[in-house]
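Peer 1: sequence and computational prediction follow.
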Amino acid sequence: MPETTSNKTARRIASRALVVWLVALAALIVDSQVSRLLRMFHRSSGFLGFISFLAWLILLAITLYWIALAIRWILRKVFWRVGRRLFLSYVLIGVLPFILMTVLGFIVAWTTAGVMSQAALRGERQTTLGQMEAWSLEYAMLGKKPTDGLSTLEIYDSADGSTEKLPEWLRKTTFSGTAWRDSAPLFVSARQYSPDNRSVVFVQPLDKEWVKWLEEQGGMIISFEQTRNHRDSSGNKIRVRKKDQDIEIETGDNFNSFFRRAWGLNRVIWGDLTDLTNWETGGTAADHQLFTFISNPISNLVQFYFGASNDEYIRILVRIIVGVVALLMLIYVMASLFAAILIFSISRAVNRIEKGTQAVERGDFSYRIAMKPRNQLGQMAQSFDHMTESIASLLVKVAEKERLQSEIDIAASIQRNLLPKEGPRLRGVTFSAHFEPTASIGGDYYDLFSIDKSRLGVAIGDVSGHGLSTGLVMAMVKAAITTLVEEGADELSIFARLNDLVHRSTERRAFMTLAFTIFDFEHARIRHTNAGHLYPYLLRAGEPPYAIECPSLPLGVRNNATARTVELDLHEGDALVYLSDGIVEAQDETGEPFGFDQLEALLAAVSGQMPPEIQETILAAVARHSGTRPADDDRTVMVLRFDQLPVSGHNLADNETTLLAPAVTTS
């Protein structure tokens, strides 16, 4: 099997990627050796660090690209057959959700247990504060220190003057909570007693003794770490975000020791962030918060929420859960068997349809799958059989269509050849023309006729409609007008014969506009005869564009249509612009036509230019106006310019003769 262009391109890209990957790997190896030598001589390697980063980036990108290609190749090779794809779909839909739900359940259970552990820790803190308040009241009334307090408990009493060591706010305020003193968290309970305004303050540091006491109560292991609300690059830290603040948690030896002791499958690890009161001011410590790592045994949570005598209750709950799981598994197995049957039937039907498509690929449209339409695949197979029958008949129609299209293309080529490819070979006459049909065959027409050595004839017309019929009418008129001009017929005879020809040879609703102009260079005169065509414009230096108006009916409208003729003088440097209605009627996206106002303003701006420039300016303006909207009608532009005229008794160099009104009417 020959190698395709895409395969060659893929091989070329893969080989180049391999070369780049090897270069990046070599750069990393060289960088490691050079960096080691530089460190031996205590030299920096900043540039090498950038090179190393760039090499790692390239290495990682290409490796990921290869992994993606390998996965795509495996999927194409392994799961090319529909049965395997259906099996994969079943795994993704039927098995993967169980795994995801298990993970989700674990996360929810872990989060719930963590929140419960956090609530338990806060409850223990409140218990400690409540106990300290009870000790404070007992001490104030009986003067008795607590016997079950920790050895690090601090007692301050204004009666013995020890409260002088405390901040002023604490001596005068009743307070119960956590505070921050000398980089250490504290439990503080302060009470004021009347009538002698006695102040008693109990302070219990959150130290190792309190942590040990808490662990002995229920097995909860905690570790305190200080936090800061600003960034500090020194030391090991964990950064978390609370509301709009970035909080840094310092991780020292306590952190490492905690995780060595607290990690276990039967424990839940969580965290708690607590605001602290500033020991010196009594306000909230904006720069410090207390973060507590919690490791709580699951058994402690069960005992806390279900009670100590819960064995029978737990056993009943477990049996119910096991029964529900067994029932769900039985349903799942039955669903799996049903899915396997469906996969087999679908794969079998697809294989039969594949054989049919291979037969069609070979060109055998007589192959029939012959599957009963019991389901959608059966209906698809039946539709396939109908399709092959339709294709066989369509091939005949397509061949006929191609033959017709070929004939239309030949006709379009003939039509283009009927139009003049170059201008008249007369000194001082410059010619430019453009024809743009909307269909393969257009209805616009223009032509040039050398009547004699001093006269030039110009014709332009537009047959109504589009397509082959208009092209035939155009060719017929082309032949007729050429014959009449060569026979020396005047405008009266030409238009009368053409009107009779179009009227007899077309449907009543069909017609043709035609303009015929004779330029007499010996007498410097223009004779313009019109039958419903768009008026041409005369461009003369120093004057605005002049429309040679000659209103009349198109050819073929009735059997006795009247054409009109006007005469005017021809000056050196004059230019005449002939247009079809597809130019002025060109619409933009909103349906607004190009119009005569824009056309006349454009012609005034290009007066004095040569015909090719005038033509290109008109076409560019129409294209800008139309935008992306396709043309609705054929577009034809023809421009002639006369720069040299013979000197005679009718020479108008003095520029005193004006344009004449319509002079002759012919029928």
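Peer 2: Looks like it arrived, so ask away.

Peer 1: only C-alpha atoms for contact and neighbour calcs from this point on.
Peer 2: Fine.

Peer 1: what about stretch 202-209, start to end distance?
Peer 2: By Cα to Cα, to the nearest Å, the extent of stretch 202-209 from end to end equals 16 Å.

Peer 1: ok now that stretch, how far from the chain's centre?
Peer 2: Centroid separation for stretch 202-209 versus its chain: 61 Å, with Cα atoms, centre = their mean, to the nearest Å.

Peer 1: how about stretch 583-596: buried residues?
Peer 2: Ile583, Val584, Glu585, Ala586, Gln587, Asp588, Pro593, Phe594 (16 or more other Cα atoms under 10 Å).

Peer 1: just put these in TSV and tack on distance to Met387 and secondary structure.
Peer 2: Converted to TSV, the buried residues of stretch 583-596 look like this (distance: Cα to Cα, whole Å; DSSP: H, G, I helix; E, B strand; the rest coil):
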residue	distance to Met387	secondary structure
Ile583	46	helix
Val584	48	helix
Glu585	45	coil
Ala586	43	coil
Gln587	42	strand
Asp588	42	coil
Pro593	46	strand
Phe594	48	coil
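
Peer 1: and of those residues, the nearest to Val458?
Peer 2: Of all these, Ile583 has the smallest distance to Val458: 19.1 Å, by Cα to Cα.

Peer 1: the spatially closest residue to Tyr90 that is not a sequence neighbour: which element?
Peer 2: Among residues not flanking Tyr90 along the chain, Ala339 sits closest, at 7.8 Å (Cα to Cα, 6 or more residues apart in numbering). Assigned by DSSP states H and E, Ala339 belongs to helix 311-361.

Peer 1: show me how far that helix is from its chain's centre.
Peer 2: 39 Å.

Peer 1: quick one: contacts for Leu534?
Peer 2: Residues near Leu534 by Cα atoms under 8 Å, 6 or more residues apart in numbering: Tyr578, Leu579, Ser580, Asp581.

Peer 1: show only the entries of those residues found in strands.
Peer 2: Among the contacts of Leu534, the members found in strands (DSSP state E) are Tyr578, Leu579.

Peer 1: can you tell me which of the contacts of Leu534 are buried?
Peer 2: Using 16+ other Cα under 10 Å as the burial test, those include Tyr578, Leu579, Ser580, Asp581 as buried.

Peer 1: just send those back as TSV, with pLDDT and distance to Ala119 too.
Peer 2: Shown next, in TSV, are the buried ones among the contacts of Leu534 (pLDDT from 0 to 100; distance: Cα to Cα, whole Å):
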residue	pLDDT	distance to Ala119
Tyr578	95	93
Leu579	94	90
Ser580	90	88
Asp581	88	86
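
Peer 1: show me the two of those that sit farthest apart.
Peer 2: Longest span within the buried ones among the contacts of Leu534, Cα to Cα: Tyr578 and Asp581, 10.1 Å.

Peer 1: give me the below-cutoff pLDDT ranges for the stretch 51-200 of the chain.
Peer 2: Counting by pLDDT under 70, the stretch 51-200 of the chain shows low-confidence ranges at 79-80.

Peer 1: outside of stretch 58-66, which residues touch it?
Peer 2: Ala17, Trp21, Ala24, Leu25.

Peer 1: if you set the cut-off to 10 Å instead, what comes out?
Peer 2: Stretch 58-66 is contacted from outside by 14, 17-18, 20-25, 28, 52-55, 57, 67-72, using Cα atoms under 10 Å, 6 or more residues apart in numbering.

Peer 1: kindly export it (C-alpha atoms) in PDB.
Peer 2: These are the backbone C-alpha positions of stretch 58-66, laid out as PDB (Å, rounded to 0.1, in the frame of the first residue of the first chain):
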ATOM      1  CA  ILE A  58      11.100  21.300  25.300                       C
ATOM      2  CA  LEU A  59      11.700  17.800  26.600                       C
ATOM      3  CA  LEU A  60       8.400  17.800  28.500                       C
ATOM      4  CA  ALA A  61       6.400  19.300  25.600                       C
ATOM      5  CA  ILE A  62       7.700  16.700  23.100                       C
ATOM      6  CA  THR A  63       7.300  13.900  25.500                       C
ATOM      7  CA  LEU A  64       3.600  14.900  26.100                       C
ATOM      8  CA  TYR A  65       3.200  15.100  22.300                       C
ATOM      9  CA  TRP A  66       4.500  11.600  21.900                       C
END
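
Peer 1: which positions within it qualify as buried?
Peer 2: So, applying 16+ other Cα under 10 Å, buried residues of stretch 58-66: Ile58, Leu59, Ile62.

Peer 1: and of the residues you listed, the nearest to Phe258?
Peer 2: Closest approach to Phe258 among these (Cα to Cα): Leu59, at 38.4 Å.

Peer 1: and that closest one, how close does it get to Trp73?
Peer 2: 21 Å.

Peer 1: what of Ala547?
Peer 2: With distances taken as Cα to Cα, Ala547 is found 71 Å from Trp73.

Peer 1: and Ile518, by the same measure?
Peer 2: Using Cα to Cα, Ile518 is found at 75 Å from Trp73.

Peer 1: repeat for Met474
Peer 2: Taking Cα to Cα, one finds Met474 at 61 Å from Trp73.

Peer 1: and the two? Which one has more around it.
Peer 2: Set Met474 next to Trp73 and count neighbours by other Cα atoms under 10 Å: Met474 wins out with 24 against 12.

Peer 1: where's that one, which helix or strand?
Peer 2: Secondary structure (DSSP H and E) places Met474 in helix 468-486.

Peer 1: so which elements touch that helix?
Peer 2: With contacts defined as 3 or more Cα pairs under 10 Å, 6 or more residues apart in numbering; DSSP states H and E, helix 468-486 has these neighbours: helix 376-418, strand 444-452, strand 455-463, helix 491-505, strand 512-520.

Peer 1: buried sites along it?
Peer 2: For helix 468-486, the buried set under the neighbour-count rule, 16+ other Cα under 10 Å, comprises 468-475, 477-478, 480-481, 484-485.

Peer 1: how about these in JSON lines, adding distance to Leu37 and pLDDT?
Peer 2: Putting those into JSON lines (distance: Cα to Cα, whole Å; pLDDT from 0 to 100) gives the following:
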{"residue": "Leu468", "distance to Leu37": "85", "pLDDT": "75"}
{"residue": "Ser469", "distance to Leu37": "89", "pLDDT": "77"}
{"residue": "Thr470", "distance to Leu37": "88", "pLDDT": "79"}
{"residue": "Gly471", "distance to Leu37": "86", "pLDDT": "78"}
{"residue": "Leu472", "distance to Leu37": "90", "pLDDT": "81"}
{"residue": "Val473", "distance to Leu37": "92", "pLDDT": "83"}
{"residue": "Met474", "distance to Leu37": "89", "pLDDT": "83"}
{"residue": "Ala475", "distance to Leu37": "90", "pLDDT": "83"}
{"residue": "Val477", "distance to Leu37": "94", "pLDDT": "86"}
{"residue": "Lys478", "distance to Leu37": "92", "pLDDT": "85"}
{"residue": "Ala480", "distance to Leu37": "97", "pLDDT": "89"}
{"residue": "Ile481", "distance to Leu37": "96", "pLDDT": "89"}
{"residue": "Leu484", "distance to Leu37": "100", "pLDDT": "90"}
{"residue": "Val485", "distance to Leu37": "99", "pLDDT": "89"}
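
Peer 1: understood, closing this out.
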